[in-house]
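*Asks:* next comes the sequence, and after it the predicted model I'd like to discuss.
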Amino acid sequence: MRQTWRWFGPKDKVSVEDARQAGVEGIVTALHHVPTGEVWRAEEIEQRQREVAFLPDGSMSGLKWEVVESLPVSEAIKTQTGHFKAHVEHYKASLANLARAGIEVVCYNFMPVLDWTRTDLAWRVGHGGRAMRFDLADFAAFDIHILKRRGAAASFPTHVVEEAARRFAGMSEAGKKELAANVTAGLPGAVESWSLPELSAHLATYDGVSPERLRQNLIDFLAKVAPVAQELGVRLCCHPDDPPFPLLGLPRIMSTEADYRAVLDGVDVPANGATLCTGSLGARPDNDLPAMARALADRIHFVHLRNVRRDTEEVPCSFFEDEHLAGQTDMVAVVAELLAEEKRRREAGRADAVIPMRPDHGQEILDDLTRGAQPGYPAIGRLKGLAELRGVMAALGHPVAGRG
């Protein structure tokens, strides 16, 4: 697999030079400053490519922008309202501009309103470092008592509702504000985050939108853009829901193998593929990640390797971002499936035989604790995860591994 690294642009406190020292082979980034729904213009793409290719002193980094993460899908497209038809055309134009720039892999998601959701962006773990955490009772406290969403309590088991009430009663005003800010943080690297009234207004746009309706809207979107991507030589890969269960009364449609199969079969062209995120999908105990890697193998265009540890084996549940080889997903088995798929692709002569991967998220350790990087994207914690994954790949690919 090709080792890549997510970079959020010039304001990222983990630089391209840091990525180069980590030994990565390519950069994953996006035009985070461009409002969702607008066209990614060629000159903006070229500027970001230069920012990756050249270090501040003018020397070459030796790295290129290889994967887009992400080219966002607007809420209008997701709900098929407002200017959604224009946004679809803008999406096609952006794909064409990316293809002309030589970028072939585009990750996106179809999560309504919020992208990934966490309740704590700096949860203290046993060794003294920090990790991101989703706590179901804290989230329920936000949903029921801070956001005050109508009917919110019915979304949670009784014991969670009771615990949420206890926690909310003990929260300081600063604690309430911090929890709300964490939940509404929005897409990593983006300029957007929601106030509570704005969040409530956005949630209202999904009133009456069932999972079946949202899935059909995704299939309709892909029916228009995936053939264009196929012609351009671009591979689209949908990121799973994070976490992979319903929140805030919103539908979730990319949380299981069955969800992916419905969408991949719904628009059955090679360009329509999956981002296999072992962390997002691993937050459900009923997702078997090695089996999913095997089942979806030929349509996996991009891989996020990270691990989580769940508090319980229920859906939904609380979890935190564990070390890459220490969580509940069998990471060695997942990597083995992906390496086997690469071998099959090479034997079939596929141009996309090498699958780009990146070490997703990471715990803040050592100097990360004072750097103030984007939550989930520390320098040393990701480097540690990459080193572990690199070791797994090297071991599985060594001739010694095939003996016996």
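*Replies:* Now that the structure is in, tell me what you want to look at.

*Asks:* strands of this structure, start to end?
*Replies:* In order along the chain, the chain carries the following strands (DSSP state E): 2-6, 26-29, 65-69, 105-109, 120-124, 130-134, 235-239, 272-277, 300-305, 307-310, 319-322, 356-359.

*Asks:* tell me which residues in the first one are buried?
*Replies:* Translated: strand 2-6. Within strand 2-6, the residues that qualify as buried are 2-6, counting by 16 or more other CB atoms under 10 Å. Just so you know, the C-beta spots here come from the backbone N, C-alpha and C atoms, and that holds for glycine as well.

*Asks:* hang on, the earlier thing: closest to E75 out of the strands of the chain?
*Replies:* When the strands of the chain are compared for distance to E75 using CB to CB, the nearest one is strand 105-109, at 12.2 Å.

*Asks:* could you list the low-confidence segments of the chain?
*Replies:* Counting by pLDDT under 70, the ranges of the chain that qualify are 186-193, 403-404.

*Asks:* name the single longest helix found in it.
*Replies:* Selection of the longest helix in the chain by residue count, based on DSSP state H, yields helix 211-232.

*Asks:* on contacts alone, who are the packing partners of that helix?
*Replies:* Packing partners of helix 211-232 (3 or more CB pairs under 8 Å, 6 or more residues apart in numbering; DSSP states H and E): helix 75-79, helix 84-100, strand 235-239, helix 257-266, strand 272-277.

*Asks:* what's the closest of those to R133?
*Replies:* Taking CB to CB as the criterion, R133 comes closest to strand 272-277 out of the helices and strands packed on helix 211-232, the separation being 17.1 Å.

*Asks:* quick check: closest non-adjacent residue to R345.
*Replies:* If the residues on either side of it in the chain are set aside, R345 comes closest to A353, at 3.9 Å by CB to CB, 6 or more residues apart in numbering.

*Asks:* F110 too?
*Replies:* Nearest residue to F110 in three dimensions, chain neighbours excluded: L218, at 4.9 Å (CB to CB, 6+ apart).

*Asks:* and that neighbour, how many neighbours?
*Replies:* Neighbouring residues of L218 were enumerated by other CB atoms under 10 Å; the total is 22.

*Asks:* and R371, by the same measure?
*Replies:* Here the count is done by other CB under 10 Å, and R371 has 15 residues near it.

*Asks:* that one against R382, yeah?
*Replies:* No - under the criterion of CB atoms under 8 Å, R371 is not in contact with R382, lying 11.8 Å apart.

*Asks:* quickly list what's touching both of those two.
*Replies:* Shared contacts of R371 and R382, defined by CB atoms under 8 Å, 6 or more residues apart in numbering, are found at V14.

*Asks:* so the longest helix of the chain versus strand 105-109, what angle?
*Replies:* An angle of 170 degrees separates the directions of helix 211-232 and strand 105-109 when computed by axes from the mean of the first three to the mean of the last three CA atoms, to 10 degrees.

*Asks:* would you mark the buried spots in helix 211-232?
*Replies:* Residues of helix 211-232 classed as buried: 214-215, 217-222, 225-226, 228-230, 232 (neighbour count, 16+ other CB under 10 Å).

*Asks:* could these go into a markdown table alongside distance to K11?
*Replies:* As requested, the buried residues of helix 211-232 are exported to a markdown table (distance: CB to CB, whole Å):
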| residue | distance to K11 |
| --- | --- |
| L214 | 33 |
| R215 | 35 |
| N217 | 33 |
| L218 | 31 |
| I219 | 36 |
| D220 | 35 |
| F221 | 30 |
| L222 | 32 |
| V225 | 29 |
| A226 | 32 |
| V228 | 31 |
| A229 | 29 |
| Q230 | 34 |
| L232 | 30 |
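
*Asks:* go through these and name the one nearest L386.
*Replies:* The shortest gap between L386 and any of the buried residues of helix 211-232 belongs to A229, at 28.5 Å (CB to CB).

*Asks:* what is the burial count for the nearest residue to that closest one once chain neighbours are set aside?
*Replies:* Sequence neighbours aside, A271 is the residue nearest to A229 in space, at 4.1 Å (criterion: CB to CB, 6+ apart). For A271, the number of neighbouring residues by other CB under 10 Å comes to 24.

*Asks:* got it, and the one 5 residues further on?
*Replies:* Burial of L276, expressed as a neighbour count using other CB under 10 Å, amounts to 28.

*Asks:* ok, A291 next?
*Replies:* Other residues near A291 come to 13 when the count uses other CB under 10 Å.

*Asks:* the residue nearest to it when sequence neighbours are not counted and A295, how far apart?
*Replies:* Distance criterion CB to CB, 6+ apart; nearest residue to A291, sequence neighbours excluded, is E257 at 7.5 Å. Taking CB to CB, to the nearest Å as the criterion, E257 is separated from A295 by 6 Å.

*Asks:* who has more neighbours, the two?
*Replies:* In this view E257 and A295 are compared by other CB under 10 Å, and E257 has more residues nearby, 18 against 15.

*Asks:* wait, that one touches A297, no?
*Replies:* No - taking CB under 8 Å as the definition, E257 is not a contact partner of A297, at 11.7 Å.

*Asks:* who does the one residue sitting closest to the centre of the chain form a beta bridge with?
*Replies:* When the chain is reduced to its mean C-alpha position, the closest residue under CA atoms, centre = their mean turns out to be H239, at 5.5 Å. With DSSP bridges as the criterion, H239 is bridged to N109.

*Asks:* hang on, the earlier thing: list the contacts for the residue nearest to R345?
*Replies:* By CB under 8 Å, 6+ apart, the contact list for A353 reads 342, 345-346.

*Asks:* that one and L338: what is the separation?
*Replies:* Distance of A353 to L338, given as CB to CB: 12 Å.
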